[in-house]
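Undergrad: Sequence plus predicted model, see below.
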Amino acid sequence: MTFDDELSAAARALHREWQSPGMWPAIAEKIAAIEQAERRAAARRRAWRTLAAAAVIVLAVAASTLLVRDRLSPGGGPTAPAPAATGARLLSDEALSEVERAEEQYIAAIELLATKVAAESGASASPLVGNLRERLLVIDAAIADCRAEIDRNRFNAHLRRQLLSIYQEKRRTLEQILQEPHAS
């Protein structure tokens, strides 16, 4: 027998096989952890996009509010004749009271939703919920600005539509907080 044959025989004698029941579950666990990390990263990207969209909305509302205020203030640029002075209002008294009544009902429904969010979400540590709460603060500031302009011109239908869109954004934000799994 040659040296190579002896070496091959010795190698065969040293060969051992054993069971490794934890190997495949460990691999599957690592794959699941990687996929979960990718899902969290995607959720963070969505949160930033949502925050950016809210910022765009707030800036648009603020800019349009400033434009409206400048147009309505004396010496603030070209002004249209006051609707009351020309006798041609966009909203009649009856339509205005109906709009205000519907607005009060909508606001009450949103406040109920806000109360539910406050009760269910508590002090959630989720970064997305934190971002959504900050968005609510900005939306509330936009609502206050728009309401101040409406107080100056109650018959302005455009401002009322703008206020409605801001309230709709607040409703969507509150619903997002309720849908966040870490909120409850």
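TA: Yep, it's here.
Undergrad: How much space separates L72 from Q105?
TA: Distance of L72 to Q105, given as CB to CB, to the nearest Å: 28 Å. Placement of C-beta: from N, CA and C, glycine included.
Undergrad: and if you look at Y167?
TA: Distance, Y167 to Q105, by CB to CB: 11 Å.
Undergrad: Equivalent analysis for I166, please.
TA: Taking CB to CB, one finds I166 at 16 Å from Q105.
Undergrad: ok, the two, which is more surrounded?
TA: Each of I166 and Q105 has its neighbours counted (other CB atoms under 10 Å); I166 has more, 20 against 10.
Undergrad: List the residues that contact the more buried one.
TA: Contacts for I166 (CB atoms under 8 Å, 6 or more residues apart in numbering) come out as I57, V61, I139, A142, I143, C146.
Undergrad: Next one: it from A141, what distance?
TA: On the measure of CB to CB, I166 and A141 end up 10 Å apart.
Undergrad: And for A109?
TA: Going from A109 to A141 by CB to CB gives 21 Å.
Undergrad: How about S165?
TA: Going from S165 to A141 by CB to CB gives 15 Å.
Undergrad: And I143, how close does it get to A114?
TA: Taking CB to CB, one finds I143 at 12 Å from A114.
Undergrad: which residues are common contacts for those two?
TA: K170.
Undergrad: Let's see if you can find the most crowded of the contacts of I166.
TA: Ranked by the number of neighbours (other CB under 10 Å), these place A142 first, at 25 neighbours.
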